[in-house]
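Novice: Below are the sequence and a predicted model for it; my questions follow.
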Amino acid sequence: MKKKITFEEGMQELEALVHGLEAGELSLEDSFKAYERAVALKNSLSALLDEGDKRIRVLTDAGESSLDTQMDTEEAP
């Protein structure tokens, strides 16, 4: 079973892979492997960001609904 990485860990690994590819010191086969891993990390990180965005939207919507309800209650005579 794979360990779930944090966004920060994924970004560090992705940056290291990009640096290694840009340095041009990897063999062709290692470059392919690094590129494949980088693409997989990019997809995982994008999914984490999407998940975080959804969570923020839910919390924001819930907060706005709560605030609207509270304001309506305060305005009632």
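Specialist: That came in fine, so what should we check first?
Novice: contacts and neighbour counts: CA atoms only from here.
Specialist: Noted.
Novice: Tell me where the model's unsure across the protein.
Specialist: Regions of the chain meeting the criterion pLDDT under 70 cover residues 1-2, 66-77.
Novice: Where do the helices of it begin and end?
Specialist: 7-23, 28-75 (DSSP state H).
Novice: so the first one versus helix 28-75, what angle?
Specialist: This means helix 7-23. For the pair helix 7-23 and helix 28-75, the angle between their directions (axes from the mean of the first three to the mean of the last three CA atoms, to 10 degrees) equals 150 degrees.
Novice: what about Ala38, how many neighbours?
Specialist: 20 (other CA atoms under 10 Å).
Novice: typo on my end, it should be Ala16
Specialist: Residues near Ala16, counting by other CA under 10 Å, number 14.
Novice: give the contact list for the residue nearest to Ala38 when sequence neighbours are not counted.
Specialist: The spatial neighbour of Ala38 that comes closest, neighbours along the chain excluded (CA to CA, 6 or more residues apart in numbering), is Leu14 at 5.7 Å. Contacts for Leu14 were tallied using CA atoms under 8 Å, 6 or more residues apart in numbering; they are Ala38, Leu41, Lys42.
Novice: between those residues, which is nearest Glu8?
Specialist: Distance from Glu8 was checked for each of the contacts of Leu14 by CA to CA. The minimum falls on Leu41, at 11.4 Å.
Novice: State the distance from Gly63 to Ala16.
Specialist: From Gly63 over to Ala16 the distance is 39 Å, taken as CA to CA, to the nearest Å.
Novice: Sorry, slip of the keys, the one I care about is Tyr35.
Specialist: 11 Å.
Novice: How about Gly10?
Specialist: The spacing between Gly10 and Ala16, counted by CA to CA, is 10 Å.
Novice: try Ser27
Specialist: Counting by CA to CA, the gap between Ser27 and Ala16 amounts to 16 Å.
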